[in-house]
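Participant: Predicted model, plus sequence, below.
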Amino acid sequence: MTELTVDATGLRCPLPIIRLAAAARTAAAGTVITLISTDPAAEPDVAAWCRMRNQHLLDQTWSPPPPTRTLTSRIRVT
Amino acid sequence: MLLDGAREALAAGIGARTEELVFTGSFVEAVHAAVLGTVQARHRVGNRVLHSAVEHSAVLHAAGRAGTAEPIGVDRLGRVDADTFVDRLYSPGVVLGCLQSANGEVGTVQPVTEVAAAARSAGVPLLVDIAASAGRLPTPPGWDLLVADPRSWGAPGGLGLLAVGANTRWTSAAPDDDGTERVPGAPSVPAALAAAVSLQAVLADAEQDDLRRRALTARIRAAAAGIADTEVVGDPEHRLPHVVTFSCLYVDGEAIVDELDRAGFAVGSGSACTASTLEPSHVLAAMGVLTHGNVRVGVPPGVSEAEVEAFCAVLPGAVQRVREFLGAENL
């Protein structure tokens, strides 16, 4: 299984979703993409992107708060 | 005397009795008075405040300040989970339920009648926020407290409306004062008169205007749905007549607002980049829909079909230009 990481730390939506979509476009089916982001909007927006584009959201977890909250989303490309 | 006349007309216009109506300085102040005053009056029962997850932020803030705020989730269309709301109303320590008549951000009408019947039976007062529907849809029956925003029907600011039902236990959370209202200070007479006159004017045309604007918003909904990777949000049937909301993938909310402004159309956005907090809209997030690339179109009275057609014609190009600028046109 292929895995790749997209670092969107510090970027505001829609940029993290654009980076994610760009990575997914060229990735083979079954690839697991790990998206690292800090924008609070990324949590609902990654989930909404997966639903709208028929991608599979595996999980989303926030790291503990300080110094910067980081969201890790794992998506399997379909 | 002028104020009495305005009070009578406004009460009738929002479906309350004259003696139930209290003038406040703003809509937010009316919300604060309603929530804080009810929780205070019922503090021996408990301090739990139930509210839909998509209430106005003033309700969320007041509920959190007054007691323990408990959000009830909504579905993808923004409609509150009425079964859960009803179940919770019967649990111990609940002093207030808060449910909007309709959501002003996405237009979805809430099941107020159903929740109000359960609240009555459970002995819990229900605050109904009619800010989004007043002057457009009749006030749903069964409320114990009502709040409305005259600005929403085109009146000038400086006034909020609170109606406290005759049998509702409520005390002002502010110290006693010698004002004419049950809240501090004296209301603005010109603001009350303007609100009364404008509400009567809006109500006189409401029925005809409703049909006309529903057709126009249906047209915009269809145009937005035709754009790639765009989702129209909110209930397609049970909705406000004048609101259309949609979200476009790979689009910056602020950029699309600017792009449409250049074309001569003023729209709003619930995207984080358009808010001072940089937090996404709590309404869109609770619905599980895209928070970026969000556009909210309010169709004002008197807008012509030709103007709506012109908007629908520029919309796809505006979305396309924002996507090109972000290098996101082929994703």
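Facilitator: The structure has been received and is ready for your questions. Residues are numbered from 1 along each chain as shown, chains lettered A, B, ... in the order given.
Participant: what helix or strand does B:Leu162 sit in?
Facilitator: In this structure, B:Leu162 sits in strand B:160-164 according to DSSP states H and E.
Participant: And the next helix or strand past that strand?
Facilitator: helix B:189-225.
Participant: For the next helix or strand after that next one, name the packing helices and strands.
Facilitator: Once the chain leaves helix B:189-225, the next helix or strand it forms, by DSSP H and E, is strand B:230-233. With contacts defined as 3 or more C-beta pairs under 8 Å, 6 or more residues apart in numbering or on different chains; DSSP states H and E, the packing partners of strand B:230-233 are helix B:189-225, strand B:243-248. All C-beta atoms are positioned from the backbone trio N, CA, C, and that covers glycine.
Participant: quick check: mean pLDDT across the longest one?
Facilitator: Along helix B:189-225, the predicted confidence averages to a pLDDT of 95.
Participant: which of the residues in it are buried?
Facilitator: Neighbour counts over helix B:189-225 (16 or more other C-beta atoms under 10 Å in any protein chain shown) mark B:191-196, B:198-199, B:202-203, B:206, B:209, B:212-213, B:216-217, B:219-221, B:223-224 as buried.
Participant: Stretch A:43-61 too?
Facilitator: A:Glu43, A:Pro44, A:Asp45, A:Val46, A:Ala47, A:Ala48, A:Trp49, A:Cys50, A:Arg53, A:Gln55, A:Gln60.
Participant: The residue lying closest to the fourth one once chain neighbours are set aside: what's it in contact with?
Facilitator: Of all residues beyond its chain neighbours, the one nearest A:Val46 is A:Ser73 (4.5 Å), with distances taken as C-beta to C-beta, 6 or more residues apart in numbering or on different chains. Going by C-beta atoms under 8 Å, 6 or more residues apart in numbering or on different chains, A:Ser73 touches A:Leu20, A:Thr34, A:Leu35, A:Ser37, A:Ala42, A:Glu43, A:Val46, A:Leu57, A:Asp59, A:Gln60.
Participant: Flag every residue of the stretch 101-250 of chain B that's near chain A.
Facilitator: Contact residues, the stretch 101-250 of chain B versus chain A (C-beta under 8 Å from any C-beta of the partner chain): B:Asp229, B:Glu231, B:Ser247, B:Leu249, B:Tyr250.
Participant: Surely the third one and B:Leu290 touch.
Facilitator: Yes - checked against C-beta atoms under 8 Å, the pair B:Ser247 and B:Leu290 is within contact range at 3.8 Å.
Participant: Between the two ends of stretch A:32-48, what distance do you get?
Facilitator: 17 Å (C-alpha to C-alpha, to the nearest Å).
Participant: pLDDT on it, on average?
Facilitator: 96.
Participant: Repeat that for stretch A:59-77.
Facilitator: 87.
Participant: Check stretch A:4-14 too.
Facilitator: Per-residue pLDDT over stretch A:4-14 has a mean of 95.
Participant: right, is that stretch up against chain B?
Facilitator: Yes - shown here: stretch A:4-14 in contact with chain B (C-beta under 8 Å from any C-beta) through A:Arg12, A:Cys13, A:Pro14.
Participant: B:Asp252 is in contact with the last one, correct?
Facilitator: Yes - distance between A:Pro14 and B:Asp252: 5.9 Å, which falls inside the contact criterion (C-beta under 8 Å).
Participant: Spell out which residues are contacts of both of the two.
Facilitator: Going by C-beta under 8 Å, 6+ apart, residues that sit against A:Pro14 and also against B:Asp252 are B:His292, B:Gly293, B:Leu326.
Participant: Excluding chain neighbours, give the residue nearest to the second one in space.
Facilitator: In space, not counting the residues next to it along the chain, B:Gly293 is nearest to B:Val251; the distance is 3.2 Å by C-beta to C-beta, 6+ apart.
Participant: what does the model give that neighbour for pLDDT?
Facilitator: So, for B:Val251, pLDDT stands at 96.
Participant: can I assume it sits in a strand?
Facilitator: No - applying DSSP: H, G, I helix; E, B strand; the rest coil, one finds B:Val251 to be coil, outside a strand.
Participant: which residues does it contact?
Facilitator: A:Pro14, B:His292, B:Gly293, B:Val319, B:Val322, B:Arg323, B:Leu326, B:Ala328.
Participant: ok, 7 Å please
Facilitator: Residues near B:Val251 by C-beta atoms under 7 Å, 6 or more residues apart in numbering or on different chains: A:Pro14, B:His292, B:Gly293, B:Val319, B:Val322, B:Arg323.
Participant: wait, doesn't the first one sit right on B:Gly293?
Facilitator: This points to A:Pro14. Yes - the pair A:Pro14 / B:Gly293 is scored as a contact, 6.1 Å apart, by C-beta atoms under 7 Å.
Participant: And the two? Which one has more around it.
Facilitator: Shown here are A:Pro14 and B:Gly293; by other C-beta atoms under 10 Å in any protein chain shown, A:Pro14 has more neighbours (33 against 28).
Participant: The residue nearest to the more buried one when sequence neighbours are not counted in helix, strand or coil?
Facilitator: Nearest non-adjacent residue to A:Pro14, counting by C-beta to C-beta, 6+ apart: B:His292, 4.2 Å away. Per three-state DSSP, the secondary structure class of B:His292 is coil.
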